[in-house]
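Engineer: Here is my input, please return the structure:
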Amino acid sequence: MPTNAARVLLRIRTARDAEARMDADCRAFCDAAPLRLERVACASASAMAYVYLQPMQEVATGDLPALAEAFAQRCDWAGEVLASRLEPVFDVAGASVAEPAAFHYVVEMDPEAGWMPELTRWYDTEHMPGLAAVPGCVRARRFLNQGHGPLSLACYDLVSEETLGSPAWLAVRATAWSDIARPHFMNTRRTIFRVPPHAARTDSRTT
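Structural biologist: The predicted structure follows:
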């Protein structure tokens, strides 16, 4: 399917010791279905994982609960599983695209009423291109979550967690336009995930 096709996000409550098995189990699940695994990311401290899937054929919204149930049955470390359709709206390779991604940083938010057009312009023309250009960023993407929300999901594959505190990254976050845009984020979630080692070697550059 084309790279701008819809994705499926599985938001999973996990067992805290699941990280070692997560990548292999997700790949086995996809091998048995018309799905391609794009990214596995886990936050052990909060017992949470995000799994990004690319369907090889159109998946109807009504099919997502069954997909989530099938995943939970296949992966015994998966507790609550919520499946959402993701609409891609931004995707650019980062300054460190040739390096494996060891971390996956996600910022989710609902735009304040009336602010969606302005926030979209800020994301597309300044913020995400700026962060993608920071050394240590492998890839920057944004989706609209058409399921379990929040609506906007911006995600960054990173070589190191330290990228988030680098002077270049902080400079992009500190622009005048950022100061205008960010107060209009609602229901904001910011999560730093680890990428299992095998997934770090294979997923960040495959679309």
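
Engineer: what's the first-to-last distance across stretch 70-79?
Structural biologist: Distance across stretch 70-79, first residue to last, is 12 Å (CA to CA, to the nearest Å).

Engineer: in it, what's buried?
Structural biologist: By 16 or more other CB atoms under 10 Å, the buried positions in stretch 70-79 come out as 71, 72, 75, 77, 78. For glycine as for every other residue, the C-beta is placed from the backbone atoms N, C-alpha and C.

Engineer: I figured residue 185 was touching residue 111, is that so?
Structural biologist: Yes: shown here, residue 185 and residue 111 form a contact pair, counting by CB atoms under 8 Å, at 7.3 Å.

Engineer: Quickly list what's touching both of those two.
Structural biologist: Residues touching both residue 185 and residue 111 (CB atoms under 8 Å, 6 or more residues apart in numbering) are residue 119.

Engineer: okay, residue 1: pLDDT?
Structural biologist: Looking at residue 1, its pLDDT is 40.

Engineer: no no, residue 177
Structural biologist: 99.

Engineer: Also residue 200?
Structural biologist: Reported pLDDT for residue 200: 56.

Engineer: now, the most widely separated pair of the buried residues of stretch 70-79?
Structural biologist: 71 and 77 (10.8 Å; CB to CB).

Engineer: so what's the backbone phi/psi at the residue nearest the centre of the chain?
Structural biologist: Nearest to the centroid of the C-alpha atoms of the chain, with distances taken as CA atoms, centre = their mean, sits residue 155, at 4.6 Å. In this entry, residue 155 is assigned phi and psi values of phi -140, psi 150 (degrees, to the nearest 10).

Engineer: residues in contact with it?
Structural biologist: Per CB under 8 Å, 6+ apart, neighbours of residue 155: 104, 105, 106, 107, 140, 141, 142, 143.

Engineer: repeat that with 7 Å
Structural biologist: 104, 105, 106, 141 (CB atoms under 7 Å, 6 or more residues apart in numbering).

Engineer: same thing with residue 135?
Structural biologist: 95, 96, 168.

Engineer: what separates it from residue 104, distance-wise?
Structural biologist: Separation of residue 135 from residue 104 (CB to CB, to the nearest Å): 17 Å.
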